[in-house]
Structures are given as structure tokens and as C-alpha cells.
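1. just a sequence and a predicted model for now, questions to come.
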Amino acid sequence: ATVSVLYWMEAGNDCSGESTPETVAEKTAEDEDESNVDDFMDFVVLVVILISLVMWYVGDARNKRRLKQQREEMRKLRDKMTIPPRDDWTVAELAPYTGGPEEDPQPILFAAKGCVYNVWRGRNFYGCEGAYHCFVGKDATTMLALELLEEPTQEQKDRPFTREEINFLNEWISTFEWKYDNLGSLAPGEGIWEKEAEKRRLWDENAKLYTPSAISAAIAVASVAHASLDYKEGDT
């Protein structure tokens, strides 16, 4: 009996089982409030979704414009940096191509092992502020082979490369061929690599003069001359 009374009181009825006007009005007002809250929340969710869609659309459009602009700038830069390949470059022709100032970039050229490379994509390394700017505008074969960041000495220029130095030079060439533009080759008679074979020939000829047998012969001749000189001095 107690449970039944509580049930009817909770339902808005009196103990006789009949609803009063006051409880019906309160129930109706509560239902309307709940309905209004639900409608408001639905509206808020819809507004949030619409705002998110608008922001996504605006952001996507902005990103597409930025990407298009970047592609256009890269195309213009690539056209500006492109130089047709040739097979008759001279070392003197490389001198002007040192990259230019930061606000007006230019092609960056140098020669290595008889080939000419445009390394403008590596401006951070070969530009005016780069660590390898010392290579540009010249034939950098000797500097690359000997791992130099300054001009080689005359002795280093005159002697041929060692096997280890040639291997190191070839590693540089592999990097240039993979990353940068090959603009062809130096003209016949131009450049350090063109003269490497002649330097090797002269070096080998000179080396033959200092073989163990040649040194022994020279010592023997010197000894005979010295003995002959001593003999003459004894006669006097």
C-alpha cells in the first residue's frame, strides 16, 4: 500500500487516483522545457557543424591557392636556372655563374672530372653563404679529389691524383649526377681532368729515374767519380 501511494504521488496523482490541474500544468511545463532544451542543443550542434564545414572549405581553398602559388614560383625559378647542355664549355665561361645574391638567385656552375654541373638546387651548400661556395665558377676537380676548401698549392696541381683521390672524386661525381643538372662537358683541351693523363705520363717517367736499380747505378757512378778524384789528388 505504501508503494502504491508513492507511485501515484510520483506520477502526479493524489491518493484517489485523479490528477490535479496543478500537477498536469507542472508536467506540461517540464515537458516543454525539456523539448526546448533538446531543440536548442540540436541547433547548437548544427551551427557547430556548419561552422566547421565553412572553416574547412575556406582553409582548403587557401591551401590550394598557396600550393598553386608555390608551384608557379618554383616553375619560374626552374626556368630561370635552366641552362642548355653543351659539349664545348670553357673554364672561363663558368666564372659568372656563382649563384648571385639571395634576393636574385642565379645558376651555380662548376666543372668536375671534365663535366659541368649546375647545382642551383643545392644553394644552401654552394651559394654565397654555403660551405662549398669555394668550388663554384671554376674547375673544382683538384679541390674535390683532395678534399680541399681552399685553392690547391702548385705542387698539388702538378702531381697526378692517387688512386684514393680518384675514388673520392668519383663519389662526388655520383652525387652530382644524382642530385643536380649535368650541363655537358668541357671543350677538348680544357680543364684539369683533360691534363690528368699527361701528368700521369710525366710522373711515371720521372719515377723511373728513381727506381732502386737507377739509384744503385747513380751511387756506383758517384763512388767511381769520387775514387778517381781521390786518386788524382794523391798524385799531386
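-> The structure has been received and is ready for your questions.
2. within the sheet, what are the partner strands of the lengthiest strand in the chain, with directions?
-> When the chain is scanned for its longest strand (criterion: DSSP state E), the result is strand 181-186. Each strand that strand 181-186 pairs with, and the sense of that pairing, follows from DSSP bridges: strand 86-89 (parallel), strand 115-118 (antiparallel).
3. Glu190: what secondary structure?
-> Taken by DSSP: H, G, I helix; E, B strand; the rest coil, the conformation at Glu190 corresponds to coil.
4. right, and it touches Trp89 too?
-> Yes. With contact defined as C-beta atoms under 8 Å, Glu190 and Trp89 form a contacting pair (7.1 Å). Yep, even glycine has a C-beta here, placed from its N, CA and C like the rest.
5. between the two, point out the one with more neighbours.
-> Trp89 (22 against 19; other C-beta atoms under 10 Å).
6. so what's that one up against?
-> By C-beta atoms under 8 Å, 6 or more residues apart in numbering, Trp89 lies in contact with Ala111, Val116, Leu183, Gly184, Ser185, Leu186, Ala187, Glu190.
7. what about the helix or strand harbouring Leu202, average pLDDT?
-> Using DSSP states H and E, the secondary-structure element containing Leu202 is helix 192-208. When pLDDT is averaged along helix 192-208, the result is 82.
8. hang on, the earlier thing: okay, who's weakest in the contacts of Trp89 by pLDDT?
-> Lowest confidence among these: Glu190, with 93.
9. which one of the contacts of Trp89 is nearest to Gly137?
-> Taking C-beta to C-beta as the measure, Gly137 sits nearest to Ala111 out of those, at 9.7 Å.
10. what number of residues are in the vicinity of the closest one?
-> Number of residues near Ala111 (other C-beta under 10 Å) recorded here: 26.
11. what about the longest helix in the protein?
-> helix 21-81 (DSSP state H).
12. by contact count, what packs against that one?
-> Packed against helix 21-81 by the contact rule (3 or more C-beta pairs under 8 Å, 6 or more residues apart in numbering; DSSP states H and E) you find no helix or strand.
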